[in-house]
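Test case, fold it:
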Amino acid sequence: MGYAFAEPPVFPPGQGFQYSNTNTVLLGLVVEKVGGQKLPDYIRVHILVPLGMDHTSFPTTNAFPEPHAQGYTTTTASGAETTATDWDPSWAWAAGAMISTLQDMHIWAPALATGKLLAPEMQKQRLQTLSIPGQPQRDGYGFGDLQSRRLDRSQRQRARL
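Just a heads-up that it's a prediction; the model follows:
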């Protein structure tokens, strides 16, 4: 975090928007502090196990589960394409280190959209949309809102059980 905080803010809070992984890393640190567990353990105990997501992991090394797709990138010093399959996914930590299967993503999407693991009041707060200065006003929470609209009432009821 020292790297992120060494620079001055780009704009005052609430006065703009700029994508950064810093917020997600900060959230991971908060989860560890409040939850009293390392982030991979907390996610496993409080999300993956309750949802039955048996094929999702939060790697802390460069080990990939088998089988896995091959990945390629042009994000190299020369811009040339190279294989990125064995790059260490743990570098992103809370900002994107998790590895999952399509089967587990079919579990995750409805759980996220319906707030299955959240208290109703927390889900209500999560779905509140904030205005972003300089950006068009969005109706709803994006992916989570879109998914919840697609789920009919009986699907939402089953997802809560």
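
and the residue lying farthest from the centre of the chain, what does it touch?
No residue in the chain has its C-alpha farther from the mean C-alpha position than S78, which lies at 30.1 Å (C-alpha atoms, centre = their mean). If a contact means C-beta atoms under 8 Å, 6 or more residues apart in numbering, then S78 has no contacts. In short, each C-beta sits where N, CA and C put it, glycine included.

State the helix or strand in which it lies.
If you go by DSSP states H and E, S78 is not part of any helix or strand.

Now do it, the pLDDT please.
The model reports S78 with a pLDDT of 95.

Also M122?
93.

Doesn't it belong to a helix?
Yes: going by DSSP: H, G, I helix; E, B strand; the rest coil, the assignment for M122 places it inside a helix.

residues touching it, list them.
Contacts of M122 by C-beta under 8 Å, 6+ apart are G115.

now it: how far from T56?
Distance from M122 to T56, counting by C-beta to C-beta, to the nearest Å: 22 Å.

Can you show me the strands along the chain?
In the chain, the strands defined using DSSP state E lie at 72-73, 82-83.

Out of those strands, which gets nearest to A92?
When the strands of the chain are compared by C-beta to C-beta, strand 72-73 sits nearest A92, at 13.8 Å.

list the contacts for I47?
Contacts for I47 (C-beta under 8 Å, 6+ apart) come out as M53, L117.

hmm, try it at 10 Å
Contacts for I47 were tallied using C-beta atoms under 10 Å, 6 or more residues apart in numbering; they are M53, T56, F58, M98, W108, A111, L112, K116, L117.
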